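Novice: Everything below, folded, please.
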Amino acid sequence: MKVFQVYEHKVKSNVAVKIGFSWPGLFFGGAWMVIKGFPFRGIFFVIVDFALLFHNLILGGNRYTELMTPIVGERVFLAGVLLYLLSIFFILLPGFKGNTWLRKKYPKNGYVLIKSVSAESKQAAIALVKNEENIKSQDSFQETYYSEAYKEIENYENEINKNEKMQYIKNSSLWARAFAESEGEETKQKAIYVKLRTNQLSIEDLKNKELTNAADEKDKEQRELSKKKSVGSKIFFYGLLVTLILLIIYL
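Specialist: Next comes the predicted model:
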């Protein structure tokens, strides 16, 4: 089971970052960095990776010795080994440090760490935290609904004028239902009304939340679409920039 840290944002969707090794960072390197919001770091890694790849694949054999001897003298072999080790270091670094970079980045961009959870995937971690938050929210609101319903009964009891009592009962239909279920016993009627009224307030709030969530989901889809377009534009731009830099260096 993997461990994720889930972050919350006031406007944007929640995100989850795995604690540990980043396989996407290892396999996609500089491109992964650009997509995740590290454009300059990504460009630097791509340039270095291409330079080391050029060194490892093209500058080999006698030609390599001829070029490097005036620079490092007799330590040509040692320089080659060090450059190979440097290549491995740059390949592995995004894998080992990628998720750490993300955990440092999100708080700087307005995200707040909610908690760490064990889950199979990022989506599962976000869903788990959201479900826990919903349960806490429902319990809190349920107490509020009970208080609101009981307040109606309290005001009803405190009113001396019998003709004015019913103004505090917000739902006369539920009051009549409570009267029927209590068989006319006022104490039971009040208790039943509190339960019925609490349930009604909960249902009304749930409907309002569903409407709000539907609107939020629509906004989220629009933001995700805009984000995908933005990421595509960034990849194209930085890819073109890296290509031009490499052409300038090697031509």
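Novice: buried ones in the helix or strand harbouring residue 17?
Specialist: In the assignment (DSSP states H and E), residue 17 maps to strand 15-18. With burial defined by 16 or more other Cβ atoms under 10 Å, the residues of strand 15-18 counted as buried are 15, 16, 17, 18. Quick note: C-beta positions are derived from backbone N, CA and C, even for glycine.
Novice: Check stretch 179-197 too.
Specialist: If you call a residue buried by 16+ other Cβ under 10 Å, then stretch 179-197 has these buried ones: 179, 182, 189, 190, 191, 192, 193, 194, 196, 197.
Novice: What strand or helix carries the last one?
Specialist: Spelled out, that is residue 197. Residue 197 belongs to helix 186-250 when assigned by DSSP H and E.
Novice: Please name every helix or strand in contact with the strand holding residue 17.
Specialist: With contacts taken as 3 or more Cβ pairs under 8 Å, 6 or more residues apart in numbering; DSSP states H and E, strand 15-18 sits against strand 2-8, helix 76-108, helix 122-158.
Novice: okay, now residue 129: neighbour count?
Specialist: Counted by other Cβ atoms under 10 Å, the residues lying close to residue 129 total 22.
Novice: Packing partners of the strand or helix carrying residue 26?
Specialist: Element membership of residue 26, judged by DSSP H and E, is helix 23-35. Applying 3+ Cβ pairs under 8 Å, 6+ apart, we find helix 23-35 packed against helix 39-57, helix 76-108, helix 186-250.
Novice: Flag every buried residue along it.
Specialist: Those would be 24, 25, 26, 28, 29, 30, 31, 32, 33, 34, 35, for helix 23-35 by 16+ other Cβ under 10 Å.
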